[in-house]
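1. can you look at this prediction? I've put the sequence above it.
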Amino acid sequence: GACTLRAVSVRGDSARYRGEPRRDALLTARFGTGERALVLVALATGTRTAPGAHLAAAEVCRWIAAAVGRSHERLTADIRAARRADLKAGLHRLTDRSLGRLRAAATEQGLDPDDYAATLRCLLLSGDPGCRTRVFFGVGPGGLFRLRDGEWQDIEPEVAEVKGEPVLGFGSPPHETPDGDRLTMDLGIPTPPSPYEPAPGPPREPFRFRTSVARTGDVLLMCATGFAEPLRGEPELRAHLADRWSGPEPPGLTAYLADTQVRVKGYADDRTAVAVWEA
């Protein structure tokens, strides 16, 4: 259709050396068919040094996918209509619910919720070839970049200070924004049973959200910190990937795997990277 998706998650040199599992988890899913389809890519990173870090990351990916799957028709309509306020409010709620379930699961297992925790970053793509709106959301650090005309742009959304305004699912938000946009009050999510009712408190990390309109030839890259840090810190890596990924066709699977594993001295964490080439 309108884009090509490449996604990979590999153990870093440090984890290989120590014989440890990969802390990053990656999930891709498509809900619906045809122009009404919605593609979700979710990546999560478990807490460093926590014994169950990889399990926590995998769980939160499954939970956010289940939540998006239940609400995919509404989300697809909001993306196609560019209802940014609806999307931000609704996805904030889904993210908080998923991370709240993770904390509840930790308590049930007798674990410290701060240890059995994970960051979460997601990308939503519409199956409509005429819709070029790409939606990013999540909680925690990482990277969101765009390669346009051979130059990298760091478009990671800034984290605004939380000032206590009502958030969907926590308090009583208004029914619509000052601009008249309808807030997505109900995305078709059944009321969660105890211990998730009332809804768990918002995560300690602020919610991150950005919509972007793709141009022909753009490459949108979402990644975990293990790939974001060397990309930000090493100009040679940025130049290498810009050269490799600016061709008329996206790289094949083997080439993409090789590109994301280019070694950079001083960076040995897991590497998880999701890239979208616009047709």
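-> That came in fine, so what should we check first? Numbering: from 1, shown residues only.

2. just the mean pLDDT for stretch 34-46, thanks.
-> The average pLDDT for stretch 34-46 rounds to 95.

3. pLDDT score for E165?
-> E165 is assigned a pLDDT of 38 by the prediction.

4. for the one 3 residues further on, same thing?
-> Among the per-residue scores, L168 holds a pLDDT of 33.

5. how about V159?
-> pLDDT for V159: 76.

6. what's the neighbour count on the spatially closest residue to it that is not a sequence neighbour?
-> In space, and not counting its chain neighbours, V159 is closest to P206: 4.5 Å by CB to CB, 6 or more residues apart in numbering. C-beta here means a position set from N, CA and C on the backbone, and glycine is covered the same way. Applying other CB atoms under 10 Å, we find 15 other residues in the vicinity of P206.

7. pretty sure T254 is in a helix, no?
-> Yes. Counting by DSSP: H, G, I helix; E, B strand; the rest coil, T254 falls inside a helix.

8. gap between it and R6?
-> Look at T254 and R6: by CB to CB, to the nearest Å, they are 11 Å apart.

9. those two: who's more crowded?
-> Neighbours were counted for T254 and for R6 using other CB under 10 Å; R6 has more, 21 against 8.

10. and the helix or strand where that one lies, what's buried?
-> According to DSSP states H and E, R6 maps onto strand 3-10. Residues of strand 3-10 classed as buried: C3, L5, R6, A7, V8, S9, V10 (neighbour count, 16 or more other CB atoms under 10 Å).

11. show the end-to-end separation of stretch 252-266, please.
-> Distance between the two ends of stretch 252-266: 28 Å, counting by CA to CA, to the nearest Å.

12. how far does that stretch sit from its chain's centre?
-> 21 Å (CA atoms, centre = their mean, to the nearest Å).

13. averaged pLDDT, that stretch. What do you get?
-> Per-residue pLDDT over stretch 252-266 has a mean of 95.

14. which other residues reach that stretch?
-> By CB atoms under 8 Å, 6 or more residues apart in numbering, the list of residues contacting stretch 252-266 from outside reads 6, 8, 10, 13, 227, 230, 234, 237, 240-241, 244-245, 250-251, 271, 273, 275.
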